[in-house]
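K.L.:
return atomic coordinates for the entry below.
(2 chains)
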Amino acid sequence: MSIKVFYFASLKDHVGRSEDDLTYTCLLTVKEVWTHVNADTALPGNTLAAVNMEYVEFDDMVNDGDVVAFFPPVTGG
Amino acid sequence: MTVKITDRAFDPYQEIQAYQNARTANIGAAGASSIFIGTMRDFNDGVGVTGMTLDYYPGMTEKQLEKIVTEAQSLWPVIDSLVIHRVGDILPHESIVLVAVWSSHRGDAFDATRYIMEALKSTVPFWKKERLVTEGERWVAHNTSGYKAG
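P.N.:
Next comes the predicted model:
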């Protein structure tokens, strides 16, 4: 299965890139997606996650073709 | 309902006037107009700020903004609403956000405006990076709750 991963704001600086492409053979949770593309970088505790532009929990499953995004708390307005 | 993201400076008062002038449907029922304008300060957390860059998640940002305005419309009898939010490079005194709500009565207009603004601050993917007087840049770590003093 093929998954696109995006990073935003301070988390983009933290991991040193804005996106990843992940190809994997079994189902993954959102947390496992992070672990596979950031093996050497722990997930910061306040990180938020979205799948296909909707907020998700880290134990939610990701499907083939999904777009996963990781980002810090929002600070607009 | 209109939601706009813009990378250009905007005059919120002109936007409100133009939007209101263009409305024709149910205009006679709009007895209350509630408006919130967020403006960039020249200080934050005790440090002077010379400017900032607002990052966002194209697609999700618009989707989440439309979601919270729809939620507000389901909670209060909103006749119409206009939300504009800046992205990109911003200078002190420029408008960051406009939330305008038209309703028949002031309570609903006030409450819906407040709801949209607080939900925007806590759930819509925008991120501020400040440029400091003391040199350097920093990401703003989190927003405060608008319901708490200070």
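K.L.:
mind checking how far the residue lying closest to residue B:31 once chain neighbours are set aside is from chain A?
P.N.:
When the adjacent residues along the chain are set aside, residue B:31 lies closest to residue B:104, with 5.1 Å between them (C-beta to C-beta, 6 or more residues apart in numbering or on different chains). Any C-beta I mention is one placed from the backbone N, CA and C, and that applies to glycine too. As judged by C-beta to the nearest C-beta, to the nearest Å, residue B:104 and chain A stand 26 Å apart.
K.L.:
ok, how many other residues are close to residue B:96?
P.N.:
Residue crowding around residue B:96 was assessed by other C-beta atoms under 10 Å in any protein chain shown; the count is 22.
K.L.:
am I right that it is in a strand?
P.N.:
Yes - read with DSSP: H, G, I helix; E, B strand; the rest coil, residue B:96 is one of the residues of a strand.
K.L.:
the residue nearest to it when sequence neighbours are not counted pairs with what?
P.N.:
Distance criterion C-beta to C-beta, 6+ apart; nearest residue to residue B:96, sequence neighbours excluded, is residue B:38 at 4.5 Å. With DSSP bridges as the criterion, residue B:38 is bridged to residue B:97.
K.L.:
contacting residues around residue B:38?
P.N.:
By C-beta atoms under 8 Å, 6 or more residues apart in numbering or on different chains, the contact set of residue B:38 is A:77, B:95-98, B:117.
K.L.:
the residue nearest to residue B:31 contacts residue B:28, correct?
P.N.:
No - counting by C-beta atoms under 8 Å, residue B:104 stays clear of residue B:28, with 9.9 Å between them.
K.L.:
out of the two, which sits in the busier spot?
P.N.:
Looking at residue B:104 and residue B:28 with other C-beta under 10 Å, you find the greater number of neighbours at residue B:104, namely 16 against 8.
K.L.:
okay, that one: pLDDT?
P.N.:
Turning to residue B:104, the model gives it a pLDDT of 97.
K.L.:
now swap in residue B:149 and tell me
P.N.:
On pLDDT, residue B:149 comes in at 60.
K.L.:
also residue B:146?
P.N.:
Confidence at residue B:146, expressed as pLDDT, is 85.
K.L.:
doesn't it lie inside a helix?
P.N.:
No - remark: residue B:146 does not belong to a helix; assigned using three-state DSSP, it is coil.
K.L.:
hang on, the earlier thing: how far away is the residue nearest to residue B:31 from residue B:81?
P.N.:
Distance, residue B:104 to residue B:81, by C-beta to C-beta, to the nearest Å: 14 Å.
K.L.:
find the nearest non-adjacent residue to the residue in chain B positioned nearest to chain A, please.
P.N.:
Of the residues in chain B, the one nearest chain A is residue B:126, at a distance of 2.6 Å by C-beta to the nearest C-beta. The shortest distance from residue B:126 to any residue that is not its chain neighbour, by C-beta to C-beta, 6+ apart, is 2.6 Å, and that residue is residue A:76.
K.L.:
residues in contact with the one you found?
P.N.:
Residue A:76 sits in contact with B:54, B:56, B:85, B:96-97, B:120-121, B:124-128, B:143, where contact means C-beta under 8 Å, 6+ apart.
K.L.:
quick one: which of the contacts of residue B:38 is nearest to residue B:136?
P.N.:
Relative to residue B:136, the closest of those is residue B:96; by C-beta to C-beta it sits at 21.4 Å.
K.L.:
chain A: helices as residue ranges?
P.N.:
Per DSSP state H, chain A carries helices over the ranges A:9-15, A:30-37.
K.L.:
please consider this matter closed, and thank you.
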